[in-house]
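K.L.:
I would like the atomic coordinates for the input below:
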Amino acid sequence: MDIAALSMVINKSKVQQLAGISVMKMAMGVEASNGNSIAAMANDMSKAMESSVSTHLGANIDVQA
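P.N.:
Numbers count the residues shown, from 1 in each chain. Predicted structure coming up:
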C-alpha cells in the first residue's frame, strides 16, 4: 500500500471516530436532560402527594351505641 492510500485510510478512521464521539456526546446530553426531567417530575409528584394527604381524617372515633 502506498503512503497516500495509508494516509487516507487513517484520516477516514479518525473522522469516523470523531463523528462517533460527537454523536455519543449528543446522546449523553439528551439522556442527562431526560434524567433531570424525570427527577424533577418525581419530586413534584411527591410534593403533590404529601399535600393531598388529609391528616385530620381518622383521628376521631365515635363509639356510641
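K.L.:
Could you report the distance from residue 41 to residue 18?
P.N.:
35 Å (C-beta to C-beta, to the nearest Å). (C-beta placed from N, C-alpha, C; glycine too.)
K.L.:
Find the centremost residue of the chain, please.
P.N.:
Centroid check for the chain by C-alpha atoms, centre = their mean gives residue 35 as the closest residue, at 2.1 Å.
K.L.:
Tell me how many other residues crowd residue 36.
P.N.:
Neighbour count of residue 36, defined by other C-beta atoms under 10 Å: 10.
K.L.:
From residue 46, how far off is it?
P.N.:
16 Å.
K.L.:
same deal with residue 14?
P.N.:
For residue 14, the distance to residue 46 equals 48 Å [C-beta to C-beta].
K.L.:
Also residue 19?
P.N.:
From residue 19 to residue 46 the distance is 41 Å (C-beta to C-beta).
K.L.:
and if you look at residue 6?
P.N.:
Relative to residue 46, and taking C-beta to C-beta, residue 6 is found at 60 Å.
K.L.:
What of residue 23?
P.N.:
Taking C-beta to C-beta, one finds residue 23 at 35 Å from residue 46.
K.L.:
all helices of the chain, in order?
P.N.:
Assigned by DSSP state H, the chain shows helices spanning 3-52.
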